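Colleague: The sequence and its predicted three-dimensional model are supplied below.
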Amino acid sequence: MIAETLPFFFFPSSFLSLSVLPTSHVALVILGASTIGALLGAAGSIMLLRREALLGDSLAHCTLVGVVCAFLLTGRKDFDVLFLGALISSALGLIIIKAIQSIPLIKPDAALAVVLAGFFGLGLIGLRTVQVSALGNKAGLDSFIFGKAALMTSSDVSASLVIAIIIFIVIFITRRSLAALCFDSQGLVSLSSPIRWAQVIVALILLSAVSVALPATGIILTCSLLIIPGCIAKFVTRSFNYYVICASCMGALSGAAGTLLSFYFENVSTGASITLAATFFLLLILSLRKCRSFFRPTPRLLTVTQERS
Amino acid sequence: MQIESTPLNSGALANKGIPALEFHNVSVAYGDALVLTDIDFTIPVSAFVAVLGPNGAGKSTLLRTALGLVPRCSGWIKIFGSDLKDVRTQIAYVPQRESVSWDFPARALDVVLMGMFHEVCWFSSMGPQRRNRALEALDRMGMADMANRPLQQLSGGQQQRVFLARALVQEPKLLFLDEPLAGIDVETEAIIIKTLKELCNNGATALVVHHDLSTVESYFDHVLMVNVRLMCPAGPTSKVFSAETIKATYGPRLSLLEEARLAARPIIHGET
């Protein structure tokens, strides 16, 4: 049924689920969680550099109302329906955020908060409507808040994989415009039209990453995976390309490690353990840095002062 | 050496009398507030121009309007006699240093390479030739040994020099610099002014937002005075940069400063 709605997009999904995807459920969920982790890590790292880290957070909250509406309209809980619902409502949220931010006297963070709260409230009302309604097949829809990564099916995983591959190709093609946009969006006059395009592309990357992730991993996990891998990468790398690569690797690693943990300790939900794994990696990097500067503090201080003079 | 390689030959333009930059009745507003009203001036090719005016006079807005970053409500702007979109690759812009997040994960060399991004296809690498060009530009700014230094570790003056090196590799015919001399040391200021003067002697035109009235006469051969309420006087420093225009631009409050300038005491700094 995926192939019916979005043939050009999901064409390879049946092929993928047949040949490449692992058959064991654990391996499948690990693959899915690390794909989503990589995707969110890459998208979030770019937002982090643009100082819009909380934009992803707001958009993730915006998706709830779209997911609920999509379910109410179609009565189905399939990936394609929920993805489209999430995409449309988060795009709407983004447009409203940008519109509010253009009003003088309202600060950008206030605009984010307004839209986040408004859309999330709407989503909760919708969720309640679904729960008291006579619709069948409604069980598990409330897991969108905290995620249900452990219940991913092979079609979910293959669709996420395809979208992730497309997004990474787009990031590779536009890497220079993205770097220029993140560092200095106005200084490069000769590059102004690619930069304008890069702004649109960044928005599209973020929207589709959040919408892919949400049905599988929930709002809370989406937010944490958007921000933490980028923070880790910032400590490790000194070039934009490696920064994005490192952030997506850390996202994937957190996804895999968290999934393994949640299968090992049976009562821990996957979303929560993925978030905890990401946080653990961040703390690990921070303490490693601390150790390093503890062992050789003086020479570093000296070089800095000498060169600054 | 850069002049022959491009279709827009600055020397030829100067002979024909086509100005480097021409504003005609340009007005700009932020919301309801008019920032620039009916600005009208021409800048000749190869001029080294100080853009002067009190805080909030619209100096930065003037540059950003010329670059198409701020929409204008009326008038037209010509750069080398053509529209902005036809001459984009001939223009370099150095924004205010604070407008950029310097914790960006990159080395000084990477920032300079950004100036050449528009020359390269998306799938090819920057190549050793461009890398050498970037290193040369850094060397010209006295930053050759800092090429591999992460941006976070650069001081304010070094950041400014990296920015200018990025403008240099674009081999611009027209340069806009927004307060390049704000908060930097004497050595960096000397390097920046020397490099810009060289560029202008080779046929490039530079507009520099400047605050220090005491150095205007020694640095710049042209001035452009910006004030919300006034027509912009523009022209050679010796003609335009007089006690009357300074008073008219900065208002009577600045008479002290102006007296100090006439007494030739180089201790004044433009910020009031």
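Modeller: Here it is on my side, so go on. Numbers count the residues shown, from 1 in each chain, chains lettered A, B, ... in the order given.
Colleague: Just the pLDDT for the residue in the stretch 1-150 of chain A that chain B sits nearest to.
Modeller: Using C-beta to the nearest C-beta, A:Pro104 is the residue of the stretch 1-150 of chain A that sits closest to chain B, at 6.0 Å. In short, each C-beta sits where N, CA and C put it, glycine included. With respect to pLDDT, A:Pro104 has a value of 75.
Colleague: Just give the closest residue to it, not the sequence neighbours.
Modeller: B:Gly31 (6.0 Å; C-beta to C-beta, 6 or more residues apart in numbering or on different chains).
Colleague: Over to B:Phe241?
Modeller: Leaving aside its chain neighbours, B:Phe241 sits nearest to B:Val223 (4.9 Å; criterion: C-beta to C-beta, 6+ apart).
Colleague: Close to chain A: what parts of the stretch 101-250 of chain B are there?
Modeller: Within reach of chain A by C-beta under 8 Å from any C-beta of the partner chain, the stretch 101-250 of chain B has these residues: B:101, B:103-107, B:110-111, B:114-115, B:117-118, B:120, B:122-123, B:146, B:150, B:153, B:155, B:163, B:166, B:170.
Colleague: I'd like the list of the residues you listed that fall within strands, please.
Modeller: Mapping these onto strands (DSSP state E) picks out no residues; all lie outside.
Colleague: In helices, which of those residues appear?
Modeller: Counting by DSSP state H, those place B:Asp110, B:Val111, B:Met114, B:Phe163, B:Arg166 in helices.
Colleague: what about the stretch 1-150 of chain B, any weak spots by pLDDT?
Modeller: Under the criterion of pLDDT under 70, the regions of the stretch 1-150 of chain B flagged as low confidence span B:1-16.
Colleague: Format the ones in helices among the residues of the stretch 101-250 of chain B next to chain A as CSV; extra columns: distance to B:Val87 and neighbour count.
Modeller: As requested, those are arranged in CSV below (distance: C-beta to C-beta, whole Å; neighbours: other C-beta atoms under 10 Å in any protein chain shown):
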residue, distance to B:Val87, neighbour count
B:Asp110, 26, 24
B:Val111, 23, 26
B:Met114, 20, 23
B:Phe163, 21, 26
B:Arg166, 19, 27
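Colleague: out of the residues you listed, what pair is the most spread apart?
Modeller: The span of those, defined through C-beta to C-beta, is set by B:Asp110 and B:Phe163 at 12.9 Å.
Colleague: where does chain A have low pLDDT?
Modeller: Using pLDDT under 70 as the threshold, the predicted model of chain A has low-confidence ranges A:1-23, A:135-140, A:142, A:146-147, A:293-309.
Colleague: just the residues of it that are near chain B, which are they?
Modeller: That would be A:49, A:51, A:104, A:172-177, A:179-180, A:182-184, A:186-192, A:194, A:233-234, A:237-240, A:242-243, A:304, A:307-308, which are the residues of chain A within reach of chain B (C-beta under 8 Å from any C-beta).
Colleague: so which residue of the stretch 201-309 of chain A comes closest to chain B?
Modeller: As assessed by C-beta to the nearest C-beta, chain B sits closest to A:Tyr243 within the stretch 201-309 of chain A, at 4.3 Å.
Colleague: can you tell me which residues contact that residue?
Modeller: With contacts defined as C-beta atoms under 8 Å, 6 or more residues apart in numbering or on different chains, A:Tyr243 is in contact with A:Ser45, A:Leu49, A:Gly230, A:Ala233, A:Lys234, A:Thr237, B:Pro105.
Colleague: Just the buried residues of whichever strand or helix holds it, please?
Modeller: When elements are assigned from DSSP states H and E, A:Tyr243 belongs to helix A:240-264. Of the residues in helix A:240-264, A:240-241, A:243-263 count as buried by neighbour count, 16 or more other C-beta atoms under 10 Å in any protein chain shown.
Colleague: Show the subsequent helix or strand relative to that helix.
Modeller: Note on helix A:240-264: by DSSP H and E, the next helix or strand toward the C-terminus is helix A:270-295.
Colleague: who does that following helix touch, helix- and strand-wise?
Modeller: If contacts are counted by 3 or more C-beta pairs under 8 Å, 6 or more residues apart in numbering or on different chains; DSSP states H and E, helix A:270-295 sits against helix A:25-49, helix A:192-236, helix A:240-264.
Colleague: can you list contacts of stretch A:176-186?
Modeller: The set of residues that contact stretch A:176-186 without belonging to it, under C-beta under 8 Å, 6+ apart, is A:46, A:49-50, A:171, A:188, A:191, A:194-195, A:197-199, A:201-202, A:240-241, A:244, B:64, B:67, B:69, B:93, B:95, B:99-101, B:104, B:106, B:110-111, B:114, B:117, B:120, B:122.
Colleague: Just the buried residues out of those residues, in ChimeraX syntax.
Modeller: Taking 16+ other C-beta under 10 Å as the burial criterion, the selection of buried members of these in ChimeraX is written as:
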select /A:46,49,50,171,188,191,194,195,198,201,202,240,241,244 /B:64,67,69,93,95,100,104,106,110,111,114,117
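Colleague: Just flag the most distant two among the contacts of A:Tyr243.
Modeller: Of all pairs drawn from the contacts of A:Tyr243, the widest gap by C-beta to C-beta lies between A:Leu49 and A:Thr237 and measures 11.7 Å.
Colleague: what do the two both touch?
Modeller: Between them, A:Leu49 and A:Thr237 share the contacting residues A:Tyr243, B:Pro105, judged by C-beta under 8 Å, 6+ apart.
Colleague: re earlier: what separates the helix holding A:Tyr243 from the chain centre, distance-wise?
Modeller: In terms of C-alpha atoms, centre = their mean, to the nearest Å, the gap separating the centre of helix A:240-264 from the centre of its chain is 12 Å.
Colleague: try stretch A:68-76
Modeller: With C-alpha atoms, centre = their mean, you get 23 Å for stretch A:68-76.
Colleague: Check which residues of that stretch are buried.
Modeller: Applying a neighbour-count criterion of 16+ other C-beta under 10 Å, one finds A:Val68, A:Cys69, A:Ala70, A:Phe71, A:Leu72 buried in stretch A:68-76.
Colleague: do stretch B:121-132 as well
Modeller: B:Met126, B:Arg130, B:Arg131.
Colleague: Quote the end-to-end distance of it.
Modeller: Across stretch B:121-132, the straight-line distance between its terminal residues is 18 Å, by C-alpha to C-alpha, to the nearest Å.
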